[in-house]
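can't give you the sequence, but here's the structure:
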């Protein structure tokens, strides 16, 4: 490539002088003053008529001065026009896009002609800072660029103010002088060329150079590591800055991009809409000042325009979850129509939104509602310039349901859906489509269904990039790029009530409004806010939590006696989840607990829920013996659309939708119908299930535990044979498969299959102690009586309470029977009062 | 610098000026909905047109009368608006011609006023 950088031969050389002068504030002030004085000078000749100025010399002097000043003002005005158009709005004579072609043709390109004037100035300044004319130190160029406002925007949104950036840069190169190497100027600028082309810039801008420097400069690498941002994100921030600037420029009048709105007579050729105006309102005023230009669903918008351009049956049904941006799509279309950018077919039509609440309000019968709707539709069809927008149209398809406002307007709608004069855009949810619209085939077929899916993270980021500057200006805060990324990531992971981008926007608004003005919001503030809001650990673990996680086995063993393998398995899974090592949409952990009854499977679940979700109440429990028949799958994930109870949804999907941060316990899993077990394949693998209404329910913030007594006898025998833990696990899995209890693909999907061993006598004694301590603490608190249980009595209670078939389960009952009964007698006999101290010994058991 | 400024004034600057002047005419036509007024000049006002199909002859006559009134009303309004547009257009055009001339002669005008001022100062 024949790229070189020669500023002396550049066309920019002369312009840069003016540009530099134009940026000089005192000079600008003098300029404006002179301009104003010149125009004020036209009043000087008035003095000519004043009686005391009668000397001819003074009169001609005044006129002469006025003329000279006026001429200067006119000259300065024309010069100002030139400065604004050709200096600040400078464009290269050859478009940047052509440069690549010229290079292929073997032509020599002077890059100095293709850089913006601020870049030209920065290079000039950097060479003054010490670098040689043809070579440049990246550190010098960064220092020179930092004076630019646009770089200020970029560093601030990277999470570091420009002045801190500069001081850190200076400190870094004081200690790493050998890293401060020189680069060929042409190479530094030339490498920014692809960046500028990718950004759609007409010349190489300061941001493009900054992106390129971020790739080669040692300090940048250090800074990116420290701020935890990817170098690729610098390019994204530059793109963000470009978008913000472009949007600002688009607000200015541009003869090439005029917004023609139709004028005073745009509705003269359209019919009256008296009935329609009672129940619908025009969206046009709302979109007049729509501050957004980015659309997350461009292909859906094109599909809408194409569908509306059809000669008949131009009705659209946007189907998507609440929050995906269905209404925004309609707003964008309204904006395009208003400005005459949506093609001749839609020129100056208007979108009127039917207010269903208004339509239903005050109506005494469903007949009256239908009558109102028909009149409104008739008006819309007659007017000829209306596109009727009906949000949540399923409300008009609720026929057959009982209740206020439940109407089936499909029969009224059908003739209008066929009318070539009426255009309808309707929206509905996936559930609304399946339940209310799809079963009414005739009406459903009249719509062109457009699915509006949740946008990808990159597109959601672009949406937030549009919102963030608005929020920043309104509430005087600053949002780092990393904060926006974290909002997108965490909203996706932890918020299920709505879809993105709305939930991300809501989270952004919540965070900005609750933070103090002048604060920079980073990813840490976002995590802290969400942690507080949801009551679950979100961000990096704090010191206390880290310590707790590291000794998690110890914490769990405070409640779970023995079962080292099980405790270790769940502790490891939890550590992986909190350390962020495992990043997937799968559940936090999924475990299959196998073993005889009463050995601590449920207690482990409770302990885990308390540690991770801070409460035992966060367990959603399903007794799988209740789901043994084929139909029970409908109870689990909901009945098919149209069938009875379909609206109620499924027990599992509803429970998880309402409480996504839960431990879900499936007891006695082996008793469930095989079809239900098949559901687990997807749940454990992908981390989500689709309920019968088509709603996606995610389990990525849940811990899944399934328990089973299958293989209990096998475990018991294996323990007797003293098999090692690893060997026991392998043989147990082989046994379960050979017996046909669980299929291999089912078992393999769990994070861990954990076998719970039958309890040893020592374990039973510990459990007895644990339960007794709980009981003693309870009595101390409630009655003020202190009970001491002797070790011999504990051993005896353990012996009495242990049942080889039921495990430790009867111990609780034994304590109740023996100790509580003993205490009750003492209380009634007056031997136990508040402040008494009693001893429970083996003899008390024998007496009983 | 001066040569570049003069070159720009009579090349890109002039083109840009004409672009703006043309835009103002387009905006004016849009404000007065000229295209719509011309294309629908004979159309009934607010689509107020009742069909006569299947009606008895006397009712048909009545409806035709009303439809004619609707068309006539539309024509009057549109005619009035087009006349006002033409008046404003003439004024705008005159202003644009003046601005164009001022643009063309501004560098000379500046020099001339300046020299005249000097002349007064010296007399």
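That came in fine, so what should we check first? The shown structure was predicted, so the numbers you read here are calculated from the model rather than taken from an experiment. Numbering: from 1, shown residues only, chains lettered A, B, ... in the order given.

which helix is the longest one in chain B?
helix B:57-122 (DSSP state H).

ok, it near chain A or not?
Yes: Helix B:57-122 reaches chain A (Cβ under 8 Å from any Cβ of the partner chain) through B:74, B:77-78, B:81, B:106-107, B:109-111, B:113-114, B:116-122. C-beta here means a position set from N, CA and C on the backbone, and glycine is covered the same way.

ChimeraX command for the buried members of those residues?
The ChimeraX selection below is limited to those of those classed as buried (16 or more other Cβ atoms under 10 Å in any protein chain shown):
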select /B:74,78,81,106,107,109,110,113,114,116,117,120
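
re the thing from before, which secondary structure elements does the longest helix of chain B contact?
For helix B:57-122, the packing partners by 3 or more Cβ pairs under 8 Å, 6 or more residues apart in numbering or on different chains; DSSP states H and E come out as helix A:56-82, helix B:2-10, helix B:12-31, helix B:34-39.

rerun at 6 Å
helix A:56-82, helix B:12-31, helix B:34-39 (3 or more Cβ pairs under 6 Å, 6 or more residues apart in numbering or on different chains; DSSP states H and E).

Identify each buried residue in the longest one, please.
What it means is helix A:56-82. A:59-76, A:78-79, A:81-82.

I'd like the average pLDDT over the helix or strand just after it.
Proceeding N to C from helix A:56-82, the next assigned helix or strand is helix A:96-104, under DSSP states H and E. Across helix A:96-104, the average pLDDT comes to 82.

go on, stretch A:632-646?
Mean predicted lDDT for stretch A:632-646 stands at 79.

ok, now stretch A:109-118?
The average pLDDT within stretch A:109-118 is 88.

hmm, who's touching it?
A:3, A:5-7, A:10-12, A:16, A:19, A:90, A:92, A:99, A:148, A:189, A:203-206 (Cβ atoms under 6 Å, 6 or more residues apart in numbering or on different chains).

Among those, name the ones in strands.
residue A:3 (DSSP state E).

filter the contacts of stretch A:109-118 to the buried ones?
A:3, A:5-7, A:10, A:12, A:16, A:19, A:90, A:92, A:99, A:148, A:189, A:203-206.

returning to that earlier point: export the helices and strands packed on helix B:57-122 to a markdown table and tack on mean pLDDT and distance to residue A:723?
Shown next, in a markdown table, are the helices and strands packed on helix B:57-122 (pLDDT from 0 to 100; distance: least, Cβ to Cβ, whole Å):
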| stretch | mean pLDDT | distance to residue A:723 |
| --- | --- | --- |
| helix A:56-82 | 84 | 92 |
| helix B:12-31 | 95 | 88 |
| helix B:34-39 | 93 | 90 |
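
Adding distance to residue A:755, write the ones you listed out as JSON lines.
Shown next, in JSON lines, are these (distance: least, Cβ to Cβ, whole Å):
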{"stretch": "helix A:56-82", "distance to residue A:755": "85"}
{"stretch": "helix B:12-31", "distance to residue A:755": "79"}
{"stretch": "helix B:34-39", "distance to residue A:755": "81"}
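
Not counting sequence-adjacent ones, nearest residue to residue A:247?
Nearest residue to residue A:247, sequence neighbours excluded (Cβ to Cβ, 6 or more residues apart in numbering or on different chains): residue A:293, at 5.9 Å.

So the one you found, which state does it fall into?
Recorded secondary structure, residue A:293: coil (DSSP: H, G, I helix; E, B strand; the rest coil).

Can you report how many residues neighbour it?
When counting by other Cβ atoms under 10 Å in any protein chain shown, one arrives at 12 neighbours for residue A:293.

Which strand or helix spans the nearest residue to residue A:651 once chain neighbours are set aside?
Nearest residue to residue A:651, sequence neighbours excluded (Cβ to Cβ, 6+ apart): residue A:635, at 5.5 Å. Residue A:635 is part of helix A:632-637 when elements are defined by DSSP H and E.

all strands of the stretch 351-500 of chain A, in order?
In the stretch 351-500 of chain A, the strands defined using DSSP state E, counting those that start in this stretch lie at A:386-390, A:423-428, A:448-451, A:478-479.

What strands line up against the shortest one, and which way round?
Using DSSP bridges, the neighbouring strands of strand A:478-479 in the sheet come out as strand A:520-521 (parallel).

before we move on, what about the second one?
Strand A:423-428 has these partner strands in its sheet, going by DSSP bridges: strand A:315-319 (parallel), strand A:386-390 (parallel).

centroid residue for chain A?
Residue closest to the mean C-alpha point of chain A, counted by Cα atoms, centre = their mean, is residue A:488 at 2.6 Å.

which residues are contacting the strand or helix carrying residue A:574?
Element membership for residue A:574 (DSSP H and E) is helix A:564-579. Residues outside helix A:564-579 that contact it (Cβ under 6 Å, 6+ apart) are A:541, A:549, A:552-553, A:556, A:560, A:582, A:588-589, A:604, A:608, A:725, A:751-752, A:754, A:756.

pull the helix or strand with minimum mean pLDDT from the chain.
Went with chain A since none was named. Ranked by mean pLDDT, DSSP states H and E, the weakest helix or strand in chain A is helix A:842-847, scoring a mean of 72.

low pLDDT regions in the stretch 651-800 of chain A?
A:725 (pLDDT under 70).
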